[in-house]
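Peer 1: Provided below for reference: sequence and predicted model.
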Amino acid sequence: MVRGAKPKPTKLKKMQGNPGKRALNREEPEPRVVDLHDPPGWMGQFGKEEWVRVVRELPTGMVTVLDRAVLENYCAAYDEWRTCLSMIKRYGRTQMNNGRRFNSPYVSQAQRARLDLNRFAAELGFTPSARSRVRADHGESDSDSDKEFADIIGI
């Protein structure tokens, strides 16, 4: 039985500045980055819209070929959640059957989809708390650029 927190990927440790200062795994596999422009054709409309919205905001190289399924699951959970919400809005939170009122099945389905959505969002760093632990590489800093320029012109 494995105990303790699951290990963080080396790329994530680097983005966080390696706060524990432990040795980084230099042999960790680095899967190739994938093109995420088009959402999968099987996905519902809400999921496709979420895919486009999220992909536009992702840092370059964040999602690899191995992570694509997590992103697909996130968008599929979002699609299911939004679909259930629209059905609840249309038919109500409760329904009648043989003169008895009962909760709409869409309510519990929406709750399960929301839990899945939140879990996948955290895996991808989409939640505020997950995002606060990641540092995105936005390119070189101005001081690095200035130093490189000074080296080039011989100052």
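Peer 2: Okay, I see it. Numbering: from 1, shown residues only.
Peer 1: and Met43, what element?
Peer 2: For Met43, there is no host helix or strand (DSSP states H and E).
Peer 1: so what pLDDT did it get?
Peer 2: Met43 carries a pLDDT value of 96.
Peer 1: OK, contacts around it?
Peer 2: Residues in contact with Met43, defined by Cβ atoms under 8 Å, 6 or more residues apart in numbering, are 51, 72, 75-76, 79. No exception for glycine: its C-beta is placed from N, CA and C like everyone else's.
Peer 1: Could you tell me which of these belong to helices?
Peer 2: Among the contacts of Met43, the ones falling in helices (DSSP state H) are 51, 72, 75-76, 79.
Peer 1: Let me have those residues in a markdown table, adding neighbour count as columns.
Peer 2: Below are the ones in helices among the contacts of Met43 laid out as a markdown table (neighbours: other Cβ atoms under 10 Å):
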| residue | neighbour count |
| --- | --- |
| Trp51 | 23 |
| Glu72 | 17 |
| Cys75 | 26 |
| Ala76 | 22 |
| Asp79 | 22 |
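Peer 1: Columns pLDDT and distance to Val33 on top of those residues, output as TSV?
Peer 2: Shown next, in TSV, are the ones in helices among the contacts of Met43 (pLDDT from 0 to 100; distance: Cβ to Cβ, whole Å):
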residue	pLDDT	distance to Val33
Trp51	94	16
Glu72	95	16
Cys75	97	18
Ala76	97	22
Asp79	98	24
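Peer 1: Now do Asp35, the pLDDT please.
Peer 2: In this prediction, Asp35 has a pLDDT value of 76.
Peer 1: For Thr60, see how far away it is.
Peer 2: The spacing between Asp35 and Thr60, counted by Cβ to Cβ, to the nearest Å, is 11 Å.
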